[in-house]
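# Here is the input, now give the coordinates:
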Amino acid sequence: MDPSTATTEQMQTECEPESSSIWSWWPSWRPTSMSLLKTTESKILACIQNELWARFITLPNQDRIWTLTLTKKAQPAPKTPLVMVHGFGGGVGLWIRNMDSLSRSRPLYAFDLLGFGRSSRPPFPSDATKAEEQFVDSIEQWRQSVGLENMILLGHSLGGYLAASYAIQHPSRVSHLVLVDPWGFPEQPQAQTLETQDPGTEVFKRPPLPRWVKAIAAVVSLFNPLAVIRAAGPWGPGLVNRFRPDFKRKFEDLFEDDTMTQYIYHCNAQTPSGEVGFRAMAESLGWAKRPMLQRVHQLPPSMPLTMLYGARSWVDSSSGQSVVQIRSQSLTKVILIDDASHHVYADQPEEFNKVVEKICNSVD
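From the prediction side, this is the model:
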């Protein structure tokens, strides 16, 4: 199915009105709309070679989740589907380097998280537990509506945090959990001076936080994390290009223009929703109010877990080693992908696809 089959009128109903937003009286000042997001995404999805079915999945509460299903013609006997969950501020288009390769031998599903991309943008509670519950419930309702009995569940960054939470609450539905540079695992460390630090402690230094992370962190305590993009009005697209030039480079062999940074802009210049839920769950951009390391022991020992990290990512892979120790009696692996940063799937797509395909083949 053509990913553009939904009408403009249908797309406009996906957004909650911005009456509660301080930017509500500037709609024309921001060069964005759901229609522009749809057009930009369609350009990205046009690169897909396998059979693509793009549609909205309506949940029981009438929220809608924008969903892609990929299959290959003459696919062999049905296998456990792979479900991919994007990270904060992302959308299904960011998987463009991975979807064809990973759908060669099994069905692949990718969806925009509730409150992000082209999915519905409902209000989120300010309580961390309730916000997380709303995300996870929407994933389970999506699974039921699609009709999947079980799946290989892969989540990146915020998507990894939510995938882990989902697997804890619905373990019978997850055949293998794959967490890619997951956000929200470690506890926020207490300040420690050099005088009080154990001289025998070995310190592992990670790359410094990227400039764009620091820039967003500067406003997150006062506003929703991406408010600066909306407040910038007509300068918003240029702001994304300035602070996230890496997105253009990661996909420059597919698009010579600003397609990918325009996609990121249009995903995040809409009415804030998912980022409101994220803000409720976060102490700051780097830490979760309910760290997943405190709960990962609740995963059933029989559930295989693989954690993939970019060797140059600002996300500390030591959390993965902590998970291995916590789940010492379970199949738990940590894999570092060389020359990859936080967006492992785009930095080293061939290696990423190879590793994920091997994981999938271990299931069936």
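
# Count the neighbours of residue 190 for me.
Residues contacting residue 190 under the criterion other CB atoms under 10 Å number 6. All C-beta atoms are positioned from the backbone trio N, CA, C, and that covers glycine.

# no wait, residue 165
Considering only other CB under 10 Å, residue 165 is surrounded by 22 other residues.

# biggest helix in the protein by residues?
Taking DSSP state H as the criterion, the chain has its longest helix at helix 128-146.

# Now do the following helix or strand past that one: which elements does it pack against?
Next along the chain after helix 128-146, taking DSSP states H and E as the criterion, comes strand 151-156. Judged by 3 or more CB pairs under 8 Å, 6 or more residues apart in numbering; DSSP states H and E, strand 151-156 is in contact with strand 82-85, helix 158-169, strand 174-180, helix 349-363.

# With distance to residue 282 added, can I get these in CSV?
Formatted as CSV, these follow (distance: least, CB to CB, whole Å):
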stretch, distance to residue 282
strand 82-85, 17
helix 158-169, 9
strand 174-180, 18
helix 349-363, 26
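
# among the ones you listed, which is nearest residue 297?
When these are compared by CB to CB, helix 158-169 sits nearest residue 297, at 9.4 Å.

# Can you show me the CA trace of the closest one as PDB?
C-alpha atoms of helix 158-169 as PDB (Å, rounded to 0.1, in the frame of the first residue of the first chain):
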ATOM      1  CA  LEU A 158      13.800   5.800  24.800                       C
ATOM      2  CA  GLY A 159      12.300   3.000  22.700                       C
ATOM      3  CA  GLY A 160      14.700   0.600  24.500                       C
ATOM      4  CA  TYR A 161      13.500   1.800  27.900                       C
ATOM      5  CA  LEU A 162       9.900   1.300  26.900                       C
ATOM      6  CA  ALA A 163      10.600  -2.100  25.300                       C
ATOM      7  CA  ALA A 164      12.200  -3.300  28.500                       C
ATOM      8  CA  SER A 165       9.200  -2.100  30.500                       C
ATOM      9  CA  TYR A 166       6.800  -3.800  28.100                       C
ATOM     10  CA  ALA A 167       8.700  -7.000  28.300                       C
ATOM     11  CA  ILE A 168       8.500  -7.000  32.100                       C
ATOM     12  CA  GLN A 169       4.800  -6.500  32.000                       C
END
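
# Use 14 as the first number from now on
With 14 as the first residue, the last one maps to helix 171-182.
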